[in-house]
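Undergrad: Quick check, what structure comes out for this input:
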Amino acid sequence: MWMPERKSLDEKLAERGLETGESVYLYRIIDAPSDVIWKAISRPGQLAQYHPYCQSNEAFKWPGVGARDGLTYYSGIYFERDFKTWMEGVGYDLEIGSPPRKTSWISWRIKPLEQSRSNLSIEVTPYLESHLLDVVKLEFQRQYFGKSVEIYLDSLLRGVDYFVTTGRAVQAKQFGSHPIYAP
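TA: From the prediction side, this is the model:
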């Protein structure tokens, strides 16, 4: 039986008047086996245990493709994450944003390096409104992505590392504040 190919992310975004911007990618080598990291990042409602800007995290549907949760940042911003792919033990892809609007595509990946070391990476790709002038899109990315997202991801990856290697939850703003999510 013939099945039509799934639409690409770019095609789906174009239908919504959106396009992707420049991605931000960061990784961290963690002294822990990949299965331990997977266990930490794939449990429902556990984001606040390792995310230093997340005040609370509630799972609505879990796990797998179609999973959805909500997170409230210390700044009061509320986002929901809709999981689009789920690769057991490896990672997942999700869309995030204030309901009902999603503002980014995020990919989490774990790569085993040695028996007790792993690489955890996160890539954030912003969604931009296609009708805006290029200069406006660039300013939006500069202000809300770029360095701002690098700081965010660095703290998040450090939080996962801390939680996985010590077994203790991170504290609010443990690795510094963030002007948008935890002032």
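Undergrad: Pull up the gap between the residue nearest to Lys137 when sequence neighbours are not counted and Gly146, please.
TA: Nearest residue to Lys137 in three dimensions, chain neighbours excluded: Leu128, at 4.8 Å (CB to CB, 6 or more residues apart in numbering). For every residue, glycine as well, the C-beta is placed using N, CA and C. For Leu128, the distance to Gly146 equals 13 Å [CB to CB, to the nearest Å].
Undergrad: More neighbours: which of those two?
TA: Higher neighbour count among Leu128 and Gly146: Leu128, with 22 against 15, using other CB atoms under 10 Å.
Undergrad: For the helix or strand containing that one, which residues meet the burial criterion?
TA: Using DSSP states H and E, Leu128 sits in strand 117-129. Residues of strand 117-129 classed as buried under the neighbour-count rule (16 or more other CB atoms under 10 Å) are 118, 120-128.
Undergrad: need the helices for this protein, in chain order.
TA: In the chain, the helices defined using DSSP state H lie at 9-15, 34-41, 47-50, 134-144, 147-166.
Undergrad: Can you name the residues that contact the most centrally placed residue in the chain?
TA: When CA atoms, centre = their mean is applied to the chain, the residue found nearest the centroid is Ile106 (4.6 Å). For Ile106, the contact set (CB atoms under 8 Å, 6 or more residues apart in numbering) comprises 81, 93-96, 122-125.
Undergrad: Please repeat the previous calculation with a cut-off of 10 Å.
TA: 23-24, 81, 83-84, 92-96, 122-125, 149, 153 (CB atoms under 10 Å, 6 or more residues apart in numbering).
Undergrad: do the same with Lys61
TA: By CB under 10 Å, 6+ apart, the contact set of Lys61 is 44, 67-69, 82-83.
Undergrad: Also Phe163?
TA: With contact taken as CB under 10 Å, 6+ apart, Phe163 is in contact with 30, 32, 37, 40-41, 46, 49-52, 169-170.
Undergrad: what's the pLDDT at it?
TA: Phe163 is assigned 98 on the pLDDT scale.
Undergrad: Return the distance of Ile151 relative to Pro126.
TA: In terms of CB to CB, Ile151 sits 15 Å off from Pro126.
Undergrad: residue ranges with poor pLDDT in this protein?
TA: 1-7 (pLDDT under 70).
Undergrad: hmm, 90 instead?
TA: 1-13, 114-115, 138-147, 183 (pLDDT under 90).
Undergrad: ok, what's across the strand from the nearest residue to Lys173 once chain neighbours are set aside?
TA: Take Lys173 and drop its neighbours on the chain: the residue closest to it by CB to CB, 6+ apart is Ala182, 5.0 Å away. Counting by DSSP bridges, Ala182 is bridged to His178.
Undergrad: Now do the contacts for Ala182.
TA: Ala182 is in contact with 51-55, 73-75, 77, 152, 155, 172-174, 176, counting by CB under 10 Å, 6+ apart.
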